[in-house]
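Colleague: below are the sequence and a predicted model for it; my questions follow.
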Amino acid sequence: MSKLQQNLKIIRPAIVISLGCLLVLGYFISLYVQTSEEAWEKDERTRLARVLNNTRSNLESELFTRIYYTRSISAYVSLHPNLMLEEFYNLAGELVNDDIVINSMSIAPDGVIKAVYPQTGHEQVIGLDLFDHPKRRSIVEKTIQTQKTFVAGPVELIEGGIAFISYTPIFDKTVAEPTFWGMTDIVIRKDELFEAAGFSETGSGAVFALKGYDGEGLRGETFFGDPGIFEQNPVTAVVRLPDGAWIIGAVPASGWVGYLDQDSFLLSVLIVAGITISILIGLFAATILHLRANARQLQSIFNAMTSSVLEIDSKGIITWIGPTQCRLPHAIKCLNVGDSIYSLELGSGNDDARQALEKVIGQQEFHRIELKIGGPQEDAWAMANISPKGPDAATAVLYDITKLKLQQKQLEESQRELSELNSNKDLLFSIIAHDLRSQAAASISLSETLLDKHMELSPEEQGEMLALIYQSGKENIFLLENLLTWARAQQTGLSADRQDVELSNAASRVSKTFRELAIIKNVSIHIDIPLIAVFFDPSMLETVIRNLVSNSLKFTEPGGTIRIEASASAREKGKVELRVTDSGVGMDPERLNTLNNKLLVQTTRGTEQESGTGLGLKLCWDFLNRNEGSMVIESELGKGTSVICSIPAGKNSEN
C-alpha cells in the first residue's frame, strides 16, 4: 500500500467526522438561533404590546374627546328639540373652541344639514340630505337602529381632505315616546387626530398600520400604513369605537427576521467557530486515526519481535518494559521495572556496562553489550543494543542469544573433541601401520629362518619359532578385528542391541580365545562369576571383556595370573561390577590418570614386547557408554592392574 493510499484511509474518515461535526454544530447553532430568535420575538412582542397599548389609549382618548362633542349636542337637542340655529352655533363654538383636530360640526334635523360650524368654508354642505347619499344613508339608518354614535371613514370630504365623521342620532325625549329628531355629526381630521395621539407609521423601532374602515375591525380595509403588516403576524391592539373598532398592527421595523440583522456579528462568530471547531475535530480525528494506525503497526512489529524492549534511566534503572518480554527465556522474563542492569552479570563486566550507558546518554551514541541474566530456573544470555532517548534515558533492545551461546559452547566443545579425535586418529593409524608392519616383518623373518635353517634346528627350536609365528598372527587378527569394529562404530553410528546376557558364559567364550596365548606365555586365567545376567549388547560385551583380558595378558609376566570376577554392585543399585585383575607390571600415577581421563590413543609394549595401539580401551569406553555402563582403572606400579566395569543388571536378574 502506497503512502498516499495510507493517508487517504486516514483523511477520508477524518473528513466524514469533520462534516458530521459541522452538521451537528450547525444544528445546534440553528437551534440556538431559533431559540434566541423566539426569545427575542417574545420580548419584542411584549415591548410592542406596551407601545400599542399606549398608542391605543392615546387614540381612544383623542377620538372620544371629539365624539363627546356630538353627544353633548345630541343630549342638549334631545331636551330642546326647538333648538334655534343661533343656539347651535354658540354651543358648537363653546365645544370646539378652536380645536385643530375638528374640521366641522353640523346638525341635520330629519337628516338634512341645516347648520355647520364654522360656516366659513363649509357652506356647500348646507342642505345636504344624508338620506340621499347611499353610503351615508346606511350609516344614518344604522345609528337610528342602534341609537349609538357611529364613526365612519376615513372619507374624502367634499370640501377636500381626509377625515373621520362621527354620526350621533338625536331623539326627541320631550315626548312620551322618544322619536327620531335628526343627526349631529363632527368631522375629525385624520392626520391631525393621529398627530394629536402621537401615532405615525413608524416609531419606537416598529412600523404600524391601522385597519377597520367604518369601524369594521379585522374585516375592514387598512386605511393607515402598509397593509402588508397584517400579513406578518403583527402585534395588535383594538381601538374601541362607540359602535365597532379599529385594529392597530405593529411589527419590528426590520421585520421578525430582524434578530439576525441585529446579531449578525454573533451569528458570523458562531458560524466561523462551528467551522473552526469542525476542522479541529477533523484534525484531531485524523491524529487519533494516525495514532491508531501507528499503534497497530507497532503492535504488529511487537507481535513479530522475538526481543524485549526496555527503557533505562541514566542510573541504569529499568523504567519500562515492552510487551514482548513474555516471549523470552524465563530469566529475562524475571526482569522487572526498578531493576538495575548493573546488577546483572555482563559479558564484558559491570564497569564496561556503566561506561557503555554513559557513552549512550552522555555522547548520544549507539552501543552494544552482552548480558548474562541469572534466573531461579535457568541462566540466559542477551545481546543489548542501547540507543539514546534524550539526555537522561536510553532504550535497550534485548535479543535472546542463549541458544547461540549454547551452540557456540557446543561448537567449541565439538571442535575440541574433533581436534582430539583427529590427533588420536592420526596417531592411531600411525601406530596401527607401525604395529602391523612390525608384526608382519617379524612373521616373515621367522618364516624365512624356519625355511632356510629347518634342517639345522632342533624340534624344540622349530616349535618355539612356530609358536612365535602363531602368536604374531593371533595379535594381527585381534588388532584388525578391533580396527574394523572401531571403524564400523565411527561410520555407521553402531547401535546397541541390549538384552539380558549371562555374564559367565560371555567370559568363558572370551577365555577360550586366549587359551593358546596364555599357555605360550605361561599365564593362568581364572573365572569367578556367579550366575548373573547383565543388560548389554552381547557382541559388545564380549569385545569389552576380550580387550580387557588381552591387555592383562600383554602386561602380565610369565607365571602370573588373570582373574575375571563379577558381583552385584554395592555402590549402585541395579548394577553389576565386572572386574578384570592381573598380577602384571602395573602403571605409574601419571599414566593411570591419562587412561582414566580417556586420553587413550597411546601404545605400550607388553612384557614380551607385544605391540598395542590403545584402541582396545577406547572401544571399551565407547561400548560401555552405549550400554549405560562405566569403567574405572586402578593400578599400582609393580603390583598389577584392576579394571572395574559398572554394567546394568539384567531385567530379570534377582540382583
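Modeller: Here it is on my side, so go on. Since we're looking at a predicted model, the values are computed, not measured. Numbers count the residues shown, from 1 in each chain.

Colleague: make it CA atoms for all contacts and neighbour counts henceforth
Modeller: OK.

Colleague: which helix of this protein spans the most residues?
Modeller: The helix that spans the most residues within the chain, counting by DSSP state H, is helix 3-79.

Colleague: after that helix, next one along is what?
Modeller: helix 85-96 (DSSP states H and E).

Colleague: direction included, what does the next helix or strand after that next one pair against?
Modeller: Following the chain from helix 85-96 toward its C-terminal end, the next helix or strand by DSSP H and E is strand 102-109. Looking at strand 102-109 with DSSP bridges, its partner strands are strand 115-117 (antiparallel), strand 179-189 (antiparallel).

Colleague: so what's residue 514 up against?
Modeller: With CA atoms under 8 Å, 6 or more residues apart in numbering as the criterion, the residues that contact residue 514 are residue 550.

Colleague: returning to what we had before: format the strands paired with strand 102-109 as CSV; extra columns: mean neighbour count.
Modeller: Conversion of the strands paired with strand 102-109 to CSV gives the following (neighbours: other CA atoms under 10 Å):
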stretch, mean neighbour count
strand 115-117, 23
strand 179-189, 23
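
Colleague: would you turn the ones you listed into a markdown table with distance to residue 239 and mean pLDDT?
Modeller: Written out in a markdown table, the entries for those read as follows (distance: least, CA to CA, whole Å; pLDDT from 0 to 100):
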| stretch | distance to residue 239 | mean pLDDT |
| --- | --- | --- |
| strand 115-117 | 28 | 89 |
| strand 179-189 | 16 | 90 |
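
Colleague: looking at those strands, which is closest to residue 161?
Modeller: For these, proximity to residue 161 was assessed by CA to CA; strand 179-189 is nearest, at 7.7 Å.

Colleague: still on that earlier bit, centre of the chain versus the longest helix of the chain, how much separation?
Modeller: Averaging C-alpha positions (CA atoms, centre = their mean, to the nearest Å) puts helix 3-79 52 Å from its chain's average.

Colleague: which elements pack onto it?
Modeller: In terms of contacts (3 or more CA pairs under 8 Å, 6 or more residues apart in numbering; DSSP states H and E), helix 3-79 is packed against helix 85-96, strand 162-172, strand 179-189, helix 190-196, strand 235-241, strand 244-252, helix 258-262, helix 264-304.

Colleague: least reliable of these going by mean pLDDT?
Modeller: The minimum mean pLDDT among the helices and strands packed on helix 3-79 belongs to helix 258-262 (a mean of 58).

Colleague: for the stretch 551-655 of the chain, what spans make up the helices?
Modeller: In the stretch 551-655 of the chain, the helices defined using DSSP state H, counting those that start in this stretch lie at 589-596, 615-626.

Colleague: and those, which is most packed in?
Modeller: helix 615-626 (a mean of 21; mean count of other CA atoms under 10 Å).

Colleague: ok, for residue 219, nearest residue in space, not its chain neighbours?
Modeller: In space, and not counting its chain neighbours, residue 219 is closest to residue 212: 6.4 Å by CA to CA, 6 or more residues apart in numbering.

Colleague: and the strands in the stretch 501-650 of the chain, which stretches?
Modeller: Assignment of strands within the stretch 501-650 of the chain using DSSP state E, counting those that start in this stretch yields the ranges 524-528, 533-536, 561-568, 575-582, 630-636, 640-648.

Colleague: tilt between the first one and strand 561-568?
Modeller: Spelled out, it's strand 524-528. Going by axes from the mean of the first three to the mean of the last three CA atoms, to 10 degrees, strand 524-528 is angled at 10 degrees with respect to strand 561-568.

Colleague: just use 44 as the starting number from now, easier for me
Modeller: In the new numbering, first residue 44, that becomes strand 567-571.

Colleague: who does strand 567-571 pair up with?
Modeller: Here, using DSSP bridges, strand 567-571 pairs with strand 604-611 (parallel).

Colleague: same check on the longest one?
Modeller: Paired with strand 683-691 in the same sheet, following DSSP bridges, are strand 618-625 (antiparallel), strand 673-679 (antiparallel).

Colleague: now the element after the helix or strand bottoming out on mean pLDDT in the chain, going C-ward?
Modeller: None of the helices or strands of the chain scores lower by mean pLDDT, DSSP states H and E than strand 388-389, at a mean of 51. Once the chain leaves strand 388-389, the next helix or strand it forms, by DSSP H and E, is helix 393-406.

Colleague: hmm, who's touching that following helix?
Modeller: Surrounding helix 393-406, the residues in contact under the criterion CA under 8 Å, 6+ apart are 357, 359, 385, 387, 389, 408-412, 429-437.

Colleague: quick one: which of those residues sit in strands?
Modeller: 389, 410-412, 429-431, 436-437 (DSSP state E).

Colleague: contact partners for residue 187?
Modeller: Residue 187 makes contact with 212, 223 under the criterion CA under 8 Å, 6+ apart.

Colleague: sorry, wrong one. I was asking about residue 132.
Modeller: With CA under 8 Å, 6+ apart, residue 132 has these contacts: 158-161.

Colleague: using a markdown table, lay out the ones in strands among the contacts of helix 393-406 together with neighbour count and distance to residue 490.
Modeller: Shown next, in a markdown table, are the ones in strands among the contacts of helix 393-406 (neighbours: other CA atoms under 10 Å; distance: CA to CA, whole Å):
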| residue | neighbour count | distance to residue 490 |
| --- | --- | --- |
| 389 | 19 | 71 |
| 410 | 17 | 77 |
| 411 | 17 | 74 |
| 412 | 18 | 73 |
| 429 | 25 | 80 |
| 430 | 21 | 83 |
| 431 | 23 | 86 |
| 436 | 21 | 89 |
| 437 | 24 | 86 |
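
Colleague: among these, which one lies nearest to residue 227?
Modeller: residue 436 (110.3 Å).

Colleague: so the closest one is in contact with residue 360, correct?
Modeller: No - between residue 436 and residue 360 no contact is recorded; they are 9.6 Å apart, counting by CA atoms under 8 Å.

Colleague: hmm, the residue nearest to residue 262 is touching residue 286, no?
Modeller: No - using CA under 8 Å, residue 255 is not in contact with residue 286; the gap is 11.7 Å.

Colleague: more neighbours: those two, which one.
Modeller: The neighbour count for residue 255 versus residue 286, taken as other CA atoms under 10 Å, is higher for residue 255 (23 against 17).

Colleague: OK, contacts around the more buried one?
Modeller: Residues in contact with residue 255, defined by CA under 8 Å, 6+ apart, are 261-266, 288-290.

Colleague: next: residue 295.
Modeller: By CA under 8 Å, 6+ apart, residue 295 lies in contact with 87, 248-250, 301.
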